[in-house]
Every structure is written in C-alpha cells, then in structure tokens.
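Enquirer: For reference, the sequence and a predicted model appear below.
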Amino acid sequence: MGSEALVELKGIHQTYASADRRFVAIQNVNLVVREGEFVALVGPSGCGKSTLLRIVTGLQQPTEGQVLYRGQPLHGVNPKATIVFQTFALFPWLTVQGNVDLVLAARGMPHRERTARALDLLDRVGLDGFEGAYPRELSGGMRQKVGFARAMAVEPELLCLDEPFSALDVLSATALRGELLELWTGGKIPTKAILMVTHNIEEAVSVADRIVVMDKDPGRIVSELAVDLPQPRGKKDPRFSALVDQMYALLAGQTQPEHVELGSAPGGPGRPRALPPVTVGAIAGLVEHLNQAPGAHHDLYKLAEELKIGSNQLLQAVEATELLGLATVASGDIVLSPLGETFAEASILARKEMFALRICRLPVFQWLLNMLRAAEGERLRRAVVEQAMELAFRPEEAGRLLETIISWGRYAEVLAYDDGGELLFLEPAGAPALSG
C-alpha cells in the first residue's frame, strides 16, 4: 500500500452552545491518516477522541474546519468508512449470520451473494460454525467479532475503532487484538487504513504505526509518536518499554504550581477543574504502595504493571494524588510529597481529617459548600446542584463529577447525601472553615 492521504482534517473545531454556556470540545485539530497506516488516538476522557471519529466518518459535522477524503471535501456520511464501537450493538433477534447479512441487504446485495460474503467474513474472524447462534449465546469476545465482521462486510477503506476491546476481559481483548492484527498485516481485509481510539497505552504501542496524543480542556493534539517496531511486538523488547514510558510521560505531564493544578470553580475565570472519577480507596492504595519506598521516584509504566491496572485507571489515580498534594509527577515518574508520606502512615481518623482539609482547598468543593451554607437548612436537591454544574460542565461530565464529590465528601465527613430523597447537606461538624 502507498502513502496517499486517505483522510485529512484541517483546522477542526467543535463547539457546543446553549442559551447558558459555550463549550469548546475540540480546538484546531489537524490530522492526516494515510493509506497503509494504523493510527491510534490516545488521551484522557473528555478530550474529544470519539468526537473526532464521528467527524472523520461524517456522522457529525464540525463547527469549523474541513474534512477531506482522498482530497475531496466530505459532505454527509462517508460511505468508504465505518465504525466499530466498544459496545457490541448487535440485533439480539438475529443470528450471527443475520447480523452480518442485514448490512449487506441494506446495500442492495442479492441474497445468494450476501450469504456467501457473510459466511466468508465470519470464517475470517474465526466464527465458522456459529453462523446460526444468537448474540446471547456468545461470549463478549465473540460478539465483538461479529461487530468486526459486520463492519468489514461493506469493505470500508477506512476502519474506525472506538475502544473496541475495552468492554472485554484482558484475555479476550488480547486474543481479539491479535486476530485483528493478523487480518490487517496479512492483507486479509480490504481496509486501507485503521484509526483507533483507546485509553490503553500498551494497546496503542502494540498495534499502531503512529500514536496521536490528545489532551483536554479543550480537546487538542499535543504530540505524535511514530512506532517503528516490527510485528508482532513484545513487551520485553526495550524499545517497546521505552515507547510506553514516553507515552506515560506525555499523558501524565508534570505537576504544576498549586494555583494552576487546582484550577477554578464553576462560574469562575478560566476553565473549571473537574475531579478524576477515582475512589478514595484507589487514592489510598496508590499512596500506600508508593510509601513502600519513601522518597523514591516510581516509573509510571512499571507502576501499572506492579499494581496490575490499566493505564487509564492509573493515570486517573495519579491525577487525584497530584490534585490533593499527596504526590508530584515529572518525566513519567511519580514521587510522594511529605504530605503523602504522612497520609500513608496516618491512622484512619487522621487520614479523614487530612483528606477533608485537602478537598476543601479544591475550588469545586468550595463552590458547593458555599452553596450549601447559603441554602435553606444547608441542604440542596441533587438535581439543583447538577443543573448548576451543567453551566460549567457538559451534562455527562457534571453527573460523573457530582458522584465523585459526593463520594469524597462523605468519606471526609464534610457533606452527607440522602440517596432516597436525593438531597445533599452539610455534616453538622463537617467542612473546615473555607478561605477566599
């Protein structure tokens, strides 16, 4: 395959606006995907990776910018591209063959021809013998194989993958990823290029020829890495480890001064800072693990292996420890702060007190606690708080953020939540005195 540009994004901006606010989801994205490339988009949740896939395939029109396909402006849905989503999205009343056959029927293919095509595709993805099975009879990995077969049935030039392995267990994901690579590298599918969204750093380094790194607030491309390693790629290869380590350094960034890290409150100047969706237990577990070697610099890549967790889960926990002042990050390494060491060695009650003091320094907590203090009976309905948050955050982000605030606040005994009445209220003795 050659190196002709298949799809090109020029100056892509995506803005969502309502009567109350304007949110910039993607800002000035320029990207080229060429024939023969397997490109991975990697970045934190909310950076616009999936939005870019929808723009590339024509399912969504950007607010500004231009999408070119083979040098021509793209208008409407791209008939030469298709998407495989992380959810299996199969029709449960149709058999495996029926799910693939339906796509071909929609293209007007004659019955005999589409039957032969469907059987051939199912054979290629390893589902020979399961043509008459229904989705409920299949494992997660097998259902996703049906999704791949259905996507490839229309012989797309560009195959877009939106975290296609994230809903699978580790073993199933590894097996299916290997099978996809075998089809791609062996030229057994007509696809000219693959563009994949993933949170998994190792996955990106395992499969991609090029990794595009994105950041959020707003979503934008911050770096690109070429992966010049032959397939199959092994984790024990020092070059593989070096690339993964480099990716961790790019995504984790470097701890900034506190006023920068904390960000602003909803309604304040600048982009308000959300909280990573991490449990207190995950934060405490990370701090305790790091405290096994106080003062040491821990490599994030090795840390993910030690803790046996995914890169996205680790990076979210790292972000939380940074935000709370329990650790600092630089050049892909994390080290406990003196406060973090104290937290790791503190009693249960002392930890709660420290946690309460730290979260009450966060602007979003200050904003909420001040709202509660001003409310009648120092209580507010959850829907009211969520609606106020949606003035600064997207609805889905506001919901996740409020869940984290409630979880952290209840642990610290700063605020309480009545699940039945969906009411937030201040703990009688909670919430240390707020400053500012």
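Expert: Yes, it's here.

Enquirer: Show the contacting residues for the spatially most central residue of the chain.
Expert: For the chain, the residue sitting closest to the mean C-alpha position, by Cα atoms, centre = their mean, is Ser45 at 3.8 Å. Residues in contact with Ser45 (Cβ atoms under 8 Å, 6 or more residues apart in numbering) are His199, Lys216, Asn312. The C-beta positions use only the backbone N, C-alpha and C, and glycine is treated the same way.

Enquirer: Kindly indicate which of these lies nearest Pro363.
Expert: Distance to Pro363, by Cβ to Cβ, is smallest for Lys216 among these, at 17.5 Å.

Enquirer: Which pLDDT value belongs to the closest residue to that closest one other than its chain neighbours?
Expert: Distances taken as Cβ to Cβ, 6 or more residues apart in numbering place Cys47 nearest to Lys216, at 3.9 Å, with adjacent residues excluded. We have a pLDDT of 82 for Cys47.

Enquirer: Let me see the contact set for Cys47.
Expert: If a contact means Cβ under 8 Å, 6+ apart, then Cys47 has Met214, Asp215, Lys216, Gly219, Arg220 as its contacts.

Enquirer: what do you get if the cut-off is 7 Å, keeping everything else the same?
Expert: Residues counted as contacts of Cys47 (Cβ atoms under 7 Å, 6 or more residues apart in numbering) are Met214, Asp215, Lys216, Gly219.

Enquirer: Glu224 should be in a strand, yeah?
Expert: Yes: with DSSP: H, G, I helix; E, B strand; the rest coil as the criterion, Glu224 is located in a strand.

Enquirer: Without its sequence neighbours, what residue ends up closest to it?
Expert: Val212 (5.3 Å).

Enquirer: Is it correct that the one you found falls within a strand?
Expert: Yes: counting by three-state DSSP, Val212 is part of a strand.

Enquirer: Which parts of stretch 389-402 count as buried, going by neighbours?
Expert: For stretch 389-402, a neighbour-count test (16 or more other Cβ atoms under 10 Å) marks Met389, Glu390, Ala392, Phe393, Arg394, Glu397, Ala398, Arg400, Leu401, Leu402 as buried.

Enquirer: Return the distance of Thr51 relative to Glu35.
Expert: From Thr51 over to Glu35 the distance is 24 Å, taken as Cβ to Cβ, to the nearest Å.

Enquirer: Of these two, give the one with the bigger neighbour count.
Expert: Thr51 (21 against 16; other Cβ atoms under 10 Å).

Enquirer: okay, the more buried one: pLDDT?
Expert: What the model reports as pLDDT for Thr51 is 89.

Enquirer: pretty sure Trp367 is touching Pro266, no?
Expert: Yes: counting by Cβ atoms under 7 Å, Trp367 sits close enough to Pro266 to count as a contact (5.5 Å).

Enquirer: Can you report how many residues lie near His111?
Expert: His111 has 10 neighbours, counted by other Cβ under 10 Å.

Enquirer: One more: Tyr16?
Expert: Neighbours of Tyr16 (other Cβ under 10 Å): 12.

Enquirer: Just the element for it, please.
Expert: Under the criterion of DSSP states H and E, Tyr16 resides in strand 5-17.

Enquirer: Leaving out chain neighbours, which residue sits closest to Gln14?
Expert: Ile26 (4.0 Å).

Enquirer: Can you point out the buried residues in the helix or strand where that neighbour lies?
Expert: Using DSSP H and E, Ile26 falls within strand 22-34. Neighbour-count burial for strand 22-34, counted by 16+ other Cβ under 10 Å, picks out Val24, Ala25, Ile26, Gln27, Val29, Leu31, Val33, Arg34.

Enquirer: pLDDT below threshold where in the protein?
Expert: Flagging of the chain using pLDDT under 70 yields the residue ranges 1-2, 18-21, 88, 258-259, 261-263, 265, 267-270, 429-436.
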